[in-house]
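**Q** Here is the input, now give the coordinates:
(chains A and B)
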Amino acid sequence: MRLSYPADIKIIQVPCTGRVDILHLLNAIEDGADGVYVAGCLEGECHYIKGNIKAKKKVEYVKKTLAEVGIEPERVQMFNLSSAQGARFAEIANEMVDKIKELGPTPIKKNHAA
Amino acid sequence: MIVADQKSLKEILAMVKDNKKILIVGCKGCVTVCNVGGLKEVEILASIMKIARKKQGNDIDIDIKVLERQCDNEYVAEISDIINDYEAVISLACGVGPQFLSEMYKEKIIYPGLNTTFFGGATEHGVWEERCAGCGSCAIHDFAGLCPIARCAKSLMNGPCGGSSDGVCEINKDTVCIWDTIVQKKIKAGQLEDLIGVKGLKNWRTARDGGPRRSIREELVQGNI
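**A** Numbers count the residues shown, from 1 in each chain, chains lettered A, B, ... in the order given. Next up is the predicted model:
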């Protein structure tokens, strides 16, 4: 397909989104990421039954917690797509980058101790 | 186990607003089991506090440590080498933990990170319920194995009261009338008459009414066993 997606995104592969932990998401924000999203399989199609559902709940928890300390919860998102949806993958990457550009740089980064 | 809830982030952040370097101490006992004070929760709290403070432009240095228990001095002593590196400590333990820390490290500011709620257990994942009031003279065998002191809103020894309706307590639709449950269980077992006898007055001196309590096991004190 040779689809392009924004170079702003750094991909971290996990065997299943069920492996993604609350701390992975929080630590990314803590270390200055402008945003972080989880791209899981379509709901109901997890090879490990409900890894993506668990990831969704963790993402919700992180969004709620960040909102409590005044960080825009939209900086953390969950998307669902199948591995056959390459076009959707590129579309999501663009959506997320657009959203983050709209929000601006993280309020964490500028105060981050070197 | 002792059940606790984490204090709000707002409250915790307000406690340490003037501190720049703190230690968060978790506990591997009850609060790990009820998911508020174990390694995971300590790490999450540290991370979100750092995020909040970085956002304010007022970075905070946070280290973490999780003790086997905070209710035994031998474990509390494990942080004696490092505690002076910190301005303050947040204890993620039941109310016992911050006090053992305060008693051992007298000069140090110790903040409680949790609100201790009750003695209870998990009835389903994420739901804990009170089962024991720690009254010091257990009599659950007189009540079909269920405790009316901890579980009846009025701690009635002879119930149910008029506030019981369809097995539910009037205080809250989610609160079972434990006296209704006791009576139903006794009827089913054909032992309802066990409840007819007038119970003698309960000696509340063994409960909190008698002041702070102390339990001494002489044989252990003497080191015989």
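**Q** residues in contact with the residue in chain A positioned nearest to chain B?
**A** In chain A, the residue found nearest to chain B is residue A:69; the distance is 3.8 Å by C-beta to the nearest C-beta. Yep, even glycine has a C-beta here, placed from its N, CA and C like the rest. Residues in contact with residue A:69 (C-beta atoms under 8 Å, 6 or more residues apart in numbering or on different chains) are B:9, B:13, B:48, B:51-52, B:55.
**Q** What score does it have for pLDDT?
**A** You'll see residue A:69 listed with a pLDDT of 95.
**Q** which SS class is the residue nearest the centre of chain A?
**A** What sits nearest the mean C-alpha location of chain A, by C-alpha atoms, centre = their mean, is residue A:37, with 0.6 Å. Reduced to three states with DSSP: H, G, I helix; E, B strand; the rest coil, the structure at residue A:37 is strand.
**Q** So which bits of the biggest strand by length in chain B are buried?
**A** Among all segments of chain B classified by DSSP state E, the strand with the greatest residue count is strand B:114-124. Neighbour counts over strand B:114-124 (16 or more other C-beta atoms under 10 Å in any protein chain shown) mark B:114, B:116, B:118-120 as buried.
**Q** now stretch B:196-216
**A** Using 16+ other C-beta under 10 Å as the test for burial, stretch B:196-216 gives residue B:207.
**Q** What's the mean pLDDT across it?
**A** Across stretch B:196-216, the per-residue pLDDT values average to 89.
**Q** Same check on stretch B:6-24?
**A** For stretch B:6-24, the mean pLDDT works out to 97.
**Q** Stretch A:102-109 too?
**A** Stretch A:102-109 shows an average pLDDT of 90 in the prediction.
**Q** swap in stretch B:64-83?
**A** The pLDDT scores in stretch B:64-83 average 98.
**Q** Nearest spatial neighbour of the residue nearest to the centre of chain A, chain-adjacent residues omitted?
**A** Leaving aside its chain neighbours, residue A:37 sits nearest to residue A:77 (4.2 Å; criterion: C-beta to C-beta, 6 or more residues apart in numbering or on different chains).
**Q** Doesn't the one you found belong to a strand?
**A** Yes. Assessed with three-state DSSP, residue A:77 lies in a strand.
**Q** tell me the contacts of it?
**A** Contact partners of residue A:77, counting by C-beta under 8 Å, 6+ apart, are A:35-38, A:59, A:96, A:99.
**Q** ok and the residue in chain B nearest chain A?
**A** Here chain B gets closest to chain A at one residue, residue B:52, 3.8 Å apart by C-beta to the nearest C-beta.
**Q** Output the residue ranges of the helices in chain B, listed in chain order.
**A** Applying DSSP state H to chain B gives helices spanning B:9-15, B:30-33, B:39-55, B:73-76, B:96-104, B:148-151, B:178-188, B:218-221.
**Q** What helices and strands are in contact with the first one?
**A** Read that as helix B:9-15. Here helix B:9-15 is seen to pack against helix A:51-68, helix B:39-55 when contacts are counted using 3 or more C-beta pairs under 8 Å, 6 or more residues apart in numbering or on different chains; DSSP states H and E.
**Q** nearest to residue A:91, of the ones you listed?
**A** Ranking the helices and strands packed on helix B:9-15 by distance to residue A:91, with C-beta to C-beta as the measure, places helix A:51-68 first at 18.4 Å.
**Q** Tell me, how many residues neighbour residue B:147?
**A** A count of nearby residues for residue B:147, using other C-beta atoms under 10 Å in any protein chain shown, gives 19.
**Q** Could you do the one 10 residues further on as well?
**A** Other residues within reach of residue B:157 by the criterion other C-beta under 10 Å amount to 17.
**Q** Flag every residue of chain B that's near chain A.
**A** Taking C-beta under 8 Å from any C-beta of the partner chain as the contact definition, chain B meets chain A at B:8-10, B:13, B:40, B:43-44, B:47-48, B:50-52, B:54-59.
**Q** Now with 10 Å, please.
**A** Contact residues, chain B versus chain A (C-beta under 10 Å from any C-beta of the partner chain): B:8-10, B:13, B:40-41, B:43-59, B:61.
**Q** For the residue of chain B most remote from its centre, give its distance to residue A:4.
**A** When distances to the mean C-alpha position of chain B are computed (C-alpha atoms, centre = their mean), the maximum falls on residue B:190, with 36.3 Å. If you measure residue B:190 against residue A:4 using C-beta to C-beta, to the nearest Å, the figure is 78 Å.
**Q** could the contacts of residue A:69 go into a markdown table alongside neighbour count?
**A** Converted to a markdown table, the contacts of residue A:69 look like this (neighbours: other C-beta atoms under 10 Å in any protein chain shown):
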| residue | neighbour count |
| --- | --- |
| B:9 | 15 |
| B:13 | 18 |
| B:48 | 23 |
| B:51 | 23 |
| B:52 | 22 |
| B:55 | 18 |
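**Q** of those residues, closest to residue B:162?
**A** The nearest one, if we look at the contacts of residue A:69 relative to residue B:162 and count by C-beta to C-beta, is residue B:9, at 42.4 Å.
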